[in-house]
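Colleague: What shape does this take:
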Amino acid sequence: MSLESNMRALVNNSLFSVMEVEARRLMAFSSEQMTFRQGDVIFKQGDKSDAGYFILNGSVELRRDHNGQFVSQIVGRHFLIGEMAMISETIRPTSAFAREKIDCIKISRTVFHKVLREFPDTAITIKRLIEKRVTIVIDQLSNSFSS
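Modeller: All right, here's what the predicted structure looks like:
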């Protein structure tokens, strides 16, 4: 895929859609395009995180082992796996497996931070987006405890 097609694809994700065009261009240019075959392990639950993976095409199974009980979710095109990994070092809460051939963009924490440093308006916009998301989660938790 070309730089331009990757930039157009990134617009389809809420985090990247709020970025300035040149910020998205730098991220698309500086990130690594990867292909995984069906059954490939992208990462395992418990691994240290270092990047997010933006799915260009195909689907991925996210699987979590919680005390021997497996919970899984299927995600596909334009989904960003590991958003928090781009912000800070975390431990992967799930394993990710390619369900079919997938193409994705691996966005390292280093690249994401570079984009935020070089485009402060984008950094402020993303900060506000994340704050809004956190507020929604807190409200949902508050409502579930008061019910």
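
Colleague: so the residue nearest to Phe79 when sequence neighbours are not counted is in which element?
Modeller: Of all residues not flanking Phe79 in the chain, Ile55 sits nearest, at 5.1 Å (C-beta to C-beta, 6 or more residues apart in numbering). For every residue, glycine as well, the C-beta is placed using N, CA and C. If you go by DSSP states H and E, Ile55 is part of strand 51-57.

Colleague: What strands flank that strand, and is each parallel or antiparallel?
Modeller: Strand 51-57 has its sheet partners listed here by DSSP bridges as strand 80-81 (antiparallel), strand 102-108 (antiparallel).

Colleague: buried set for the longest helix that the chain contains?
Modeller: Determined from DSSP state H, the single longest helix within the chain is helix 120-146. Neighbour-count burial for helix 120-146 flags 122-123, 125-126 (criterion: 16 or more other C-beta atoms under 10 Å).

Colleague: Poorly predicted segments of the chain, please.
Modeller: Residues of the chain that meet the criterion pLDDT under 70 lie in 1, 147.

Colleague: ok, Ser95 - how many residues close by?
Modeller: 19 (other C-beta atoms under 10 Å).

Colleague: Name whatever forms a beta bridge with it.
Modeller: Arg63.

Colleague: repeat for Ile102
Modeller: Phe36.

Colleague: wait, it sits on Ile74?
Modeller: No - counting by C-beta atoms under 8 Å, Ile102 stays clear of Ile74, with 11.9 Å between them.

Colleague: overlap in contacts of those two?
Modeller: 59-60 (C-beta atoms under 8 Å, 6 or more residues apart in numbering).

Colleague: what about these two, which has more around it?
Modeller: Ile102 (24 against 11).

Colleague: Which strand or helix spans the nearest residue to Arg25 once chain neighbours are set aside?
Modeller: Of all residues not flanking Arg25 in the chain, Met7 sits nearest, at 5.9 Å (C-beta to C-beta, 6+ apart). Assigned by DSSP H and E, Met7 belongs to helix 3-10.

Colleague: The residue nearest to Phe79: neighbour count?
Modeller: That count, for Ile55 with other C-beta under 10 Å as the rule, works out to 24.

Colleague: need the contact list for the residue most central in space within the chain.
Modeller: By C-alpha atoms, centre = their mean, the mean C-alpha position of the chain lies nearest to Leu80, the distance being 3.0 Å. Applying C-beta under 8 Å, 6+ apart to Leu80 gives the contacts 13, 15-16, 52-55.
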